[in-house]
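Student: predicted structure and sequence below. I'll ask about it afterward.
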Amino acid sequence: METSMRLDKFLSQMGKGSRSQIKEMAKKGRIFVNGQAEKKTERKICPERDQVTLDGCPVAYAAFEYYMLNKPQGVVSATEDSRYQTVVELIEGAVRKDLFPVGRLDVDTEGLLLITNDGELAHRLLSPKRHVDKTYYAHILGTLPAGSKEQFETGIVLEDGLKTMPAVLTVLPEEQLGENLTAVTLTIQEGKFHQVKRMFQALGCQVVYLKRLSMGSLVLDEKLKTGEYRKLTEEELAGLKRGESIE
Ligand code: URA
């Protein structure tokens with residue numbers, strides 16, 4: 001089915017300005033639809049079929065955009081913030097101006113974050129009913145108490161009395177970390193506030209470094225340095241939409 005939308009809405013969604021700015025551009029004869037100058041910005045167009053140009057340049061239509069970001073520390077998982085740079089501001093190549101992060105990573109957490117404007121997909125990935133797996137890599141100060149793996153498997157009672165769903169803990173052999181740190185991966189099925197840090201805290205342990213490696217079938221691209229991003233591939237997107245998890 002073809003989309004029908006107002007010309008001013010189309011141009012503003014493609015990042016060309018506010019609706020009032022677009023009205024001004026149209027008045028000045030800068031906007032053409034199918035080769036004809038168009039002054040009525042409220043008119044409907046079909047973005048897939050109609051050719052829109054601004055100052056002679058075609059305006060490409062992107063209904064949805066999907067980016068994989070390797071979130072750096074010191075950047076907040078938000079669309080706007082008065083103190084910190086936001087993850088959305090890192091996506092400099094974006095066409096759409098309505099991008100948002102799918103879920104939140106703490107300001108000091110690094111790693112995989114999906115940035116999109118696809119609300120339906122975001123809702124499915126974040127829905128507590130779907131139990132989408134999220135895997136984190138962490139450094140824990142000191143060593144873990146005996147029986148930690150089993151405790152994570154049965155569920156951990158957090159400081160507020162809530163019990164978490166079963167999680168999978170793997171302790172990694174990492175010689176270079178030194179004696180005072182333990183490297184682990186943890187796969188959880190929920191996304192409670194500060195969940196990973198609070199789960200370890202409940203066992204008397206402190207997380208000193210946290211990085212998300214995967215979310216459902218989406219795995220952080222190792223080639224992305226912190227702060228770097230790229231578009232999702234078609235296969236990655238199709239996997240997320242099918243609700244696949246990693247084998
Ligand atoms: N759990 C945390 O504690 N922090 C995050 O950023 C993500 C999961």
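Tutor: Sure thing, it's come through.
Student: flag every buried residue along stretch 133-142.
Tutor: 133, 134, 135, 136, 137, 138, 139, 140 (16 or more other Cβ atoms under 10 Å). Using the backbone N, CA and C atoms, a C-beta is placed for each residue, glycine as well.
Student: so which of those residues comes closest to the ligand?
Tutor: Proximity of those to the ligand (Cβ to the nearest ligand atom) peaks at residue 136, which lies at 6.2 Å.
Student: wait, that closest one sits on residue 188?
Tutor: Yes: with contact defined as Cβ atoms under 8 Å, residue 136 reaches residue 188; the gap is 7.5 Å.
Student: what's the overlap in contacts for those two?
Tutor: Both residue 136 and residue 188 are in contact with residue 196, where contact means Cβ atoms under 8 Å, 6 or more residues apart in numbering.
Student: interface residues of this structure facing the ligand?
Tutor: Within the chain, the positions near the ligand by Cβ under 6 Å from any ligand atom are 105, 106, 109, 194, 195, 196, 197, 210.
Student: now list the buried members of these.
Tutor: By 16+ other Cβ under 10 Å, these give 105, 106, 109, 195, 196, 197, 210 as buried.
Student: any weak-confidence spans in the chain?
Tutor: 1, 175, 179, 246-247 (pLDDT under 70).
Student: show me where it has its helices.
Tutor: 7-13, 19-27, 119-126, 148-154, 195-202, 234-242 (DSSP state H).
Student: quick one, which of these is packed in tightest?
Tutor: helix 7-13 (a mean of 21; mean count of other Cβ atoms under 10 Å).
Student: so how far is the ligand from the spatially most central residue of the chain?
Tutor: By Cα atoms, centre = their mean, the chain has its centre lying nearest to residue 114, at 2.3 Å. According to Cβ to the nearest ligand atom, to the nearest Å, residue 114 and the ligand sit 14 Å apart.
Student: tally of neighbours for the closest residue to that residue other than its chain neighbours?
Tutor: Of all residues not flanking residue 114 in the chain, residue 102 sits nearest, at 4.2 Å (Cβ to Cβ, 6 or more residues apart in numbering). The burial count assigned to residue 102 is 22, neighbours taken as other Cβ atoms under 10 Å.
Student: now do residue 190 against residue 29, distance only.
Tutor: For residue 190, the distance to residue 29 equals 55 Å [Cβ to Cβ, to the nearest Å].
Student: more crowded one of the two?
Tutor: A direct count of neighbours by other Cβ under 10 Å for residue 190 and residue 29 places residue 190 higher, at 13 against 10.
Student: before we move on, back to that, would you turn the residues of the chain next to the ligand into CSV with distance to residue 61?
Tutor: Output for the residues of the chain next to the ligand, formatted as CSV (distance: Cβ to Cβ, whole Å):
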residue, distance to residue 61
105, 31
106, 35
109, 34
194, 39
195, 38
196, 39
197, 42
210, 38
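Student: what's the closest of the residues you listed to residue 176?
Tutor: Checking the residues of the chain next to the ligand against residue 176 with Cβ to Cβ, the nearest one is residue 210 at 18.1 Å.
Student: for the closest one, give me its contacts.
Tutor: Neighbouring residues of residue 210 by Cβ under 8 Å, 6+ apart: 106, 108, 109, 110, 111, 136, 137, 138, 196, 197.
Student: generate JSON lines for those residues, with distance to residue 2 as supplementary columns.
Tutor: Shown next, in JSON lines, are these (distance: Cβ to Cβ, whole Å):
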{"residue": "106", "distance to residue 2": "42"}
{"residue": "108", "distance to residue 2": "46"}
{"residue": "109", "distance to residue 2": "41"}
{"residue": "110", "distance to residue 2": "41"}
{"residue": "111", "distance to residue 2": "39"}
{"residue": "136", "distance to residue 2": "42"}
{"residue": "137", "distance to residue 2": "45"}
{"residue": "138", "distance to residue 2": "48"}
{"residue": "196", "distance to residue 2": "44"}
{"residue": "197", "distance to residue 2": "47"}
